[in-house]
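# I would like to see how this sequence folds:
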Amino acid sequence: MNIIFYVALTLTVFCVVALLVAPVLLRPSLGARRILDMVQSNRPDARTISGKEQLREKVLAIARAFRARLGFAEDEGLKKRFVSAGMRGGNRVEVYFAARFICPLLGLLAGSFRQENTLFWCLSLAVVGYLVPDFWLGHKVKSRRARIRKSIPDAGDLMVICVDAGLGLDQALLRVGQELSLGHPDLHEEFMQINLEQRAGKPRVEAWQGLSERTQLAEFAALVTMLVQTDRFGTPIIRALSRFAEEIRVGRRQHAEEAAAKTKIKILFPLVLFIFPCIFIVLLGPALLNISASLGALK
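Residues are numbered from 1 along each chain as shown. Model (predicted):
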């Protein structure tokens, strides 16, 4: 009994001492306390989830489960298309798949209301509903590329000014992105993405190559090639950027001249189909009426 008593007393004393010493030994370090102070928030989260958000989450969960049951894996090419369209949200792919499941069902439902050729309308509207999300995504990608292409000459001129003023290429890129945040938000988003990748430790050339892959623009591909050549051969960056900005301006002017030259051919179709018939009616209408009236009087 004495042995059991001493063992129990020893364990009790050990537990009491451990409880007294644990707050001191397990206290987080100064760096850990700073991180906890930064990420910890005492603000009560009073935000309420609306019924629309709850319905959206339920639909996305059903689409996610249905896609997993069918064995459809996430397509990397589709993710790249969403990134090219400027959509980097986590649920964008799920919304896309949900739309591809729901739109054909809506097409079948709409086609069932047709009294004639019901099967034809159901199949046609289902196919259209299946293709509509893809067309919408393609339109988003093309429109964003067009906006970025229009903003490249301004960005090139600003980069030349910043580098000529003494800024480095990375600082010039950040400055140009900040200056273009209002006028060209798409290019601002891409430049900020490059800055974040470089701050995370990604090499400059790889970050610019990522920009070229996301946008799929020949101008950025030429810029990446120019940066690689300047790093390899030691060419002054200001001279290369000036040449690049000049080429971009010349290319933009040539594109405008090409579009202006094409309008002469494009205008022939509305001219022949819509304007010429009106002119013929105005010019020949009174004469035909007079001729018909004269022929009627002869009878």
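
# could you find the closest non-adjacent residue to S181?
Leaving out its chain neighbours, the residue that sits closest to S181 by CB to CB, 6 or more residues apart in numbering is H188, at 4.3 Å. C-beta coordinates here come from the backbone N, C-alpha and C atoms, glycine included.

# what comes up buried for the helix or strand harbouring that neighbour?
Per DSSP states H and E: H188 is located in helix 185-199. Neighbour-count burial for helix 185-199, counted by 16 or more other CB atoms under 10 Å, picks out 186-191, 193-195, 197-198.

# can you lay out those residues as TSV showing distance to F135 and pLDDT?
Listed next are the buried residues of helix 185-199 as TSV, based on distance: CB to CB, whole Å; pLDDT from 0 to 100:
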residue	distance to F135	pLDDT
D186	21	87
L187	25	86
H188	27	87
E189	24	87
E190	24	87
F191	29	87
Q193	26	87
I194	30	87
N195	33	87
E197	31	87
Q198	36	86
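
# nearest to A287 among these?
D186 (57.5 Å; CB to CB).

# which stretches of the chain form helices?
2-25, 30-39, 51-70, 76-84, 92-111, 118-164, 169-179, 185-199, 204-215, 218-233, 237-266, 268-270, 276-298 (DSSP state H).

# and the shortest one, average pLDDT?
What helix 268-270 shows for mean pLDDT is 82.

# please identify the buried residues of stretch 207-227?
Buried-residue list, stretch 207-227, by 16+ other CB under 10 Å: 207-212, 214-215, 217, 219-221, 223-224, 226-227.

# OK, contacts around the nearest residue to H184 once chain neighbours are set aside?
Take H184 and drop its neighbours on the chain: the residue closest to it by CB to CB, 6+ apart is S151, 3.6 Å away. Listed by CB atoms under 8 Å, 6 or more residues apart in numbering, the contact partners of S151 are 180, 183-184, 186-187.

# I'd like those residues as JSON lines, with distance to A260 appended.
Compiled in JSON lines, these are given as follows (distance: CB to CB, whole Å):
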{"residue": "L180", "distance to A260": "27"}
{"residue": "G183", "distance to A260": "24"}
{"residue": "H184", "distance to A260": "24"}
{"residue": "D186", "distance to A260": "26"}
{"residue": "L187", "distance to A260": "25"}
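
# what's the farthest-apart pair in these?
Maximum distance among the contacts of S151 (CB to CB): 10.4 Å, for G183 and D186.

# among the buried residues of stretch 207-227, which one sits closest to I281?
For these, the nearest to I281 is L217 (47.9 Å; CB to CB).

# dihedrals phi and psi, the closest one?
phi -110, psi 140 (degrees, to the nearest 10).

# please apply the same query to H184.
According to degrees, to the nearest 10, H184 has phi -130, psi 80.

# what about it, neighbour count?
21 (other CB atoms under 10 Å).

# over to V132?
Other residues close to V132 by other CB under 10 Å number 16.

# quick one on the thing from earlier: from the contacts of S151, which is closest to A99?
D186 (23.3 Å).

# my read: V83 touches T215, true?
No: under the criterion of CB atoms under 8 Å, V83 is not in contact with T215, lying 9.6 Å apart.

# nearest residue to the spatially most central residue of the chain in space, please, no chain neighbours.
Residue closest to the mean C-alpha point of the chain, counted by CA atoms, centre = their mean, is G86 at 1.2 Å. Nearest non-adjacent residue to G86, counting by CB to CB, 6+ apart: R144, 5.3 Å away.

# before we move on, what about Q209?
Q209's closest residue in space is V224 (CB to CB, 6+ apart), at 5.5 Å.

# residue contacts, the one you found?
205, 208-209, 211-212.

# mind doing that once more with 10 Å?
Contact analysis of V224 by CB atoms under 10 Å, 6 or more residues apart in numbering lists 204-213.

# dump these to JSON lines, plus pLDDT and distance to S242.
JSON lines is the format used below for the contacts of V224 (pLDDT from 0 to 100; distance: CB to CB, whole Å):
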{"residue": "R204", "pLDDT": "81", "distance to S242": "19"}
{"residue": "V205", "pLDDT": "81", "distance to S242": "20"}
{"residue": "E206", "pLDDT": "84", "distance to S242": "25"}
{"residue": "A207", "pLDDT": "85", "distance to S242": "22"}
{"residue": "W208", "pLDDT": "84", "distance to S242": "18"}
{"residue": "Q209", "pLDDT": "83", "distance to S242": "22"}
{"residue": "G210", "pLDDT": "84", "distance to S242": "25"}
{"residue": "L211", "pLDDT": "84", "distance to S242": "20"}
{"residue": "S212", "pLDDT": "83", "distance to S242": "21"}
{"residue": "E213", "pLDDT": "83", "distance to S242": "26"}
